[in-house]
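Chemist: show me how the following folds:
(one chain, ligands or ions: 2)
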Amino acid sequence: MIAAGAKSLLGLSIASPKGLSDSNSLSSHSRSVGVVRSCVSMDGSQTLSHNTNGSFPELKSINGKKQGPLSTVGNSTNIKWHECPVETVDRQRLLDQKGCVIWVTGLSGSGKSTLACALNQMLYKKGKLCYILDGDNVRHGLNRDLSFKAEDRAENIRRVGEVAKLFADAGIICIASLISPYRTDRDACRNLLPEGDFVEVFMDVSLEVCEARDPKGLYKLARAGKIKGFTGIDDPYEPPLNCEISLGREGSGTSPIEMAEVIVGYLENKGYLQA
Ligand SMILES: Nc1ncnc2c1ncn2[C@@H]1O[C@H](COP(=O)(O)OS(=O)(=O)O)[C@@H](OP(=O)(O)O)[C@H]1O
Ligand SMILES: Nc1ncnc2c1ncn2[C@@H]1O[C@H](COP(=O)(O)OP(=O)(O)O)[C@@H](O)[C@H]1O
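Modeler: Ligands and ions are numbered 1, 2, ... in the order given. Here you go, the predicted model:
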């Protein structure tokens, strides 16, 4: 636990917005985005923690002073997680909402972007902060180096999953709308987040309907063989087996606004629209 006066120990003298979490702890951050648990408490004592591979890193000694444990995560060697006394729960109080990820998956033309936008508008009107990570848009910048072959789609989803996790940790309702055709990639994103914070929404709209809509003319090009590896035509789409919300079939709302209302109702029920 952080001792009283921890903020002055840090050299900070900031007023706590609505009161900073009393349970602030540098060693027990239940909703942290970190993979390596924290190490040094405010009194300077160290708590050893394990790497994601389960091994305990060595304590290094520099100028005779013991340093906290260093970690290796992927190709990043000798890294160390830094905690901050302002935690997820403090940001949630500030925003009066809980961060989470609404992951919208479905074929091209199934209405993912339209739903994301309708949901964003609906929550905005309720005073709730959202941010959309749309596949098409993210591929204009962060993921511009990725193609549509399976391993690049997987990397696309992995990066967006990690970014979405950061948004959720910031207290924001992050709407990720991507085809995300592979179950294993979507499940990996789910596993990045605390239980309940990943809400998978399936746009259950048939290929026939999507192809008839074809707002960008991509299905036509794919059918003509001018786009190779197009999802639903000559590339796979694996529908979710156990998603939280399925939309598009009879009874689940057909207009984008009705669909957005279903998701808002779900978030209200689960307590995400308050701190
Ligand atoms: N080969 C192929 N297959 C599917 N989609 C294609 C392809 N080539 C380009 N596009 C356009 O890219 C948009 C999908 O990007 P995503 O990042 O959501 O795709 S994925 O999750 O990595 O599968 C998708 O946008 P949406 O129609 O909004 O889904 C298409 O406009
Ligand atoms: N619920 C809906 N009912 C009917 N048409 C829709 C619906 N949602 C979206 N559309 C239309 O379908 C097309 C594809 O929608 P879009 O949101 O771009 O899909 P995606 O992002 O999945 O490719 C657009 O022309 C859009 O206006």
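
Chemist: which SS class is Asn78?
Modeler: strand (DSSP: H, G, I helix; E, B strand; the rest coil).

Chemist: can you pull the contacts of it?
Modeler: Leu70, Ser71, Thr72 (CB atoms under 8 Å, 6 or more residues apart in numbering). (Glycine included, C-beta is placed from N, CA and C.)

Chemist: list buried residues within those.
Modeler: Leu70, Ser71 (16 or more other CB atoms under 10 Å).

Chemist: where do the helices sit along the protein?
Modeler: Under the criterion DSSP state H, helices of the chain are mapped to 6-9, 88-95, 112-125, 135-138, 150-169, 183-190, 207-213, 218-223, 256-269.

Chemist: worst average pLDDT in these?
Modeler: Mean pLDDT per stretch puts helix 6-9 lowest among the helices of the chain, at a mean of 33.

Chemist: if we can go back for a sec, and the contacts of Asn78, which is closest to ligand 1?
Modeler: Distance to ligand 1, by CB to the nearest ligand atom, is smallest for Thr72 among the contacts of Asn78, at 28.6 Å.

Chemist: would you agree that closest one is in contact with Ile79?
Modeler: Yes - here Thr72 reaches Ile79: they are 7.4 Å apart, a contact under CB atoms under 8 Å.

Chemist: just the closest residue of the stretch 151-275 of the chain to ligand 2, please.
Modeler: Taking CB to the nearest ligand atom, the stretch 151-275 of the chain has Pro215 as its residue nearest ligand 2, at 3.7 Å.

Chemist: contacting residues around the spatially closest residue to that residue that is not a sequence neighbour?
Modeler: Counting by CB to CB, 6 or more residues apart in numbering, Gly109 is the residue found nearest to Pro215 once chain neighbours are left out, at 6.5 Å. By CB under 8 Å, 6+ apart, the residues touching Gly109 are Val205, Val209, Cys210, Glu211, Arg213, Asp214, Pro215, Leu218, Tyr219.

Chemist: now, of those residues, which are buried?
Modeler: The buried subset of the contacts of Gly109 - by 16+ other CB under 10 Å - is Val205, Cys210, Glu211, Leu218, Tyr219.

Chemist: so which of these also contact ligand 1?
Modeler: Among those, the residues that sit close to ligand 1 (CB under 6 Å from any ligand atom) are Leu218.

Chemist: now tabulate the buried ones among the contacts of Gly109 in a markdown table and tack on distance to Ile102.
Modeler: Converted to a markdown table, the buried ones among the contacts of Gly109 look like this (distance: CB to CB, whole Å):
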| residue | distance to Ile102 |
| --- | --- |
| Val205 | 17 |
| Cys210 | 20 |
| Glu211 | 26 |
| Leu218 | 24 |
| Tyr219 | 26 |
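
Chemist: hmm, which two among the buried ones among the contacts of Gly109 are most spread apart?
Modeler: Pairwise distances across the buried ones among the contacts of Gly109 peak at 15.1 Å for Val205 and Leu218 (criterion: CB to CB).

Chemist: follow-up on the earlier one: including distance to Asp197, could the helices of the chain go into JSON lines?
Modeler: As requested, those are exported to JSON lines (distance: least, CB to CB, whole Å):
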{"stretch": "helix 6-9", "distance to Asp197": "27"}
{"stretch": "helix 88-95", "distance to Asp197": "10"}
{"stretch": "helix 112-125", "distance to Asp197": "16"}
{"stretch": "helix 135-138", "distance to Asp197": "20"}
{"stretch": "helix 150-169", "distance to Asp197": "6"}
{"stretch": "helix 183-190", "distance to Asp197": "9"}
{"stretch": "helix 207-213", "distance to Asp197": "29"}
{"stretch": "helix 218-223", "distance to Asp197": "32"}
{"stretch": "helix 256-269", "distance to Asp197": "11"}
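
Chemist: so which of those is nearest Ala176?
Modeler: So among the helices of the chain, helix 150-169 is nearest, using CB to CB, at 4.9 Å.

Chemist: which residues are contacting that closest one?
Modeler: 31-33, 88, 91, 99-101, 103, 131, 133, 135, 138-139, 142-143, 146, 174, 176, 178-182, 185-186, 188-189, 192-193, 197.

Chemist: swap the cut-off to 7 Å and go again
Modeler: For helix 150-169, contacts defined as CB atoms under 7 Å, 6 or more residues apart in numbering pick out 33, 88, 99-101, 131, 133, 138, 142-143, 146, 174, 176, 178, 180-182, 185-186, 188-189, 192-193, 197.
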